[in-house]
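1. show me the folded form of this:
(one chain, ligands or ions: 1)
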Amino acid sequence: MRKKIIAGNWKMNKVLSESNQFVNAVVGKVPDSEQVEAIVCAPFPYLSSLVEKTNGSKVKVAAQNMHFEDNGAYTGEVSPVMLKDLGVSHVVLGHSERREYFAETDETVNKKAHAAFHHGLTPIVCVGETLEQREANETKNHVEAQVKKAIEGLSDEQVAETIVAYEPIWAIGTGKTASSEDANEVCSHIRNVIKEVTSEAIAEKVVIQYGGSVKPSNIEELLSQSDIDGALVGGASLEAESFLQLVEAGTK
Ligand SMILES: O=C(CO)COP(=O)(O)O
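-> Numbering: from 1, shown residues only. Take a look at the predicted model:
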């Protein structure tokens, strides 16, 4: 059985004292279960202190983005080498907000996925459709293209390690969640696409998360679906108590 991975994406929220309060409240309380993994995706300035404070705990630390180059003249950017050096384990790639506001493309997501694996970071690759695409019945085609490009050229072992987050854009921060059946249908399609590109054995290993207005009251229903193996959570991951409830749901 695939383990569940619950990741809290803080986006551009919290100051350092709030980040510290959160981690102090969470470390030691995350369920000690092989079935679930907890990840905090934090802004760059807090990564170092979060890695230190979560050391030896069940909580992993992720960045929300990175550049694909190791170093160089890219003012304002952060490289995979820097993240690895800090002790960060995961990195979110291709979040819809990065695609919309910061010109992230399927091509750069693919370059970043290669760079992540090259440096021993696990990518959480985000895909998802707009409301217009859903209404035009283009969801599966769109998500399929995003997934195929993101994993292009990765080895089967790397694909197996990749975490895919299906986040319908219309469900992000809106309070609208895809029905668990609809979300599962797309997650299942993603698994089939991965199977086509690799093999059934590899596709069965890939953790596919759902994201978009996930909260303690709806996570169990989502996780009960056959192809939803976790959640990438924005708003409801900001408070320690709520984050712990979300992680707890992964053990059920
Ligand atoms: O974008 C998301 C996580 O990456 C989802 O955000 P919300 O949970 O706030 O809808």
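2. distance of the residue of the stretch 101-250 of the chain found nearest the ligand from Ile208?
-> Residue of the stretch 101-250 of the chain nearest the ligand, by C-beta to the nearest ligand atom: Gly234 (2.4 Å). All C-beta atoms are positioned from the backbone trio N, CA, C, and that covers glycine. Distance, Gly234 to Ile208, using C-beta to C-beta, to the nearest Å: 18 Å.
3. which one's more surrounded, those two?
-> Neighbours around Gly234 and Ile208, counted as other C-beta atoms under 10 Å, are more numerous at Ile208. The numbers are 27 against 21.
4. isn't the more buried one up against Ser226?
-> No. Contact criterion C-beta atoms under 8 Å: Ile208 and Ser226 do not qualify, at 10.4 Å.
5. and Leu83, which of the three is it?
-> Following DSSP: H, G, I helix; E, B strand; the rest coil, the label given to Leu83 is helix.
6. tell me what the residue nearest to it when sequence neighbours are not counted is bridged to.
-> Computed as C-beta to C-beta, 6 or more residues apart in numbering, the closest residue to Leu83 that is not its neighbour in sequence is Ala63, at 5.2 Å. Ala63 has these beta-bridge partners by DSSP bridges: Ala42, Val91.
7. list the residues that contact Ala63.
-> Residues near Ala63 by C-beta atoms under 8 Å, 6 or more residues apart in numbering: 41-42, 44, 47, 78, 83, 88, 90-92.
8. now, of those residues, which are buried?
-> 41-42, 47, 78, 83, 88, 90-92 (16 or more other C-beta atoms under 10 Å).
9. take these and write them to CSV, including pLDDT and distance to the ligand.
-> Listed next are the buried ones among the contacts of Ala63 as CSV, based on pLDDT from 0 to 100; distance: C-beta to the nearest ligand atom, whole Å:
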residue, pLDDT, distance to the ligand
Cys41, 99, 7
Ala42, 98, 12
Leu47, 98, 17
Val78, 98, 18
Leu83, 98, 18
Val88, 98, 17
His90, 98, 13
Val91, 99, 13
Val92, 99, 7
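10. out of those residues, which is nearest to Glu34?
-> Nearest to Glu34 among the buried ones among the contacts of Ala63, counting by C-beta to C-beta, is His90 at 17.9 Å.
11. for that closest one, give me its contacts.
-> Contacts of His90 by C-beta under 8 Å, 6+ apart are 7, 39, 41, 60-63, 121-124, 163.
12. for Pro45, which three-state class applies?
-> Per three-state DSSP, the secondary structure class of Pro45 is helix.
13. what residues are up against the nearest residue to Gln158 once chain neighbours are set aside?
-> The shortest distance from Gln158 to any non-neighbouring residue, by C-beta to C-beta, 6+ apart, is to Phe117 (4.8 Å). Phe117 makes contacts with 123, 154, 158, 161, as judged by C-beta under 8 Å, 6+ apart.
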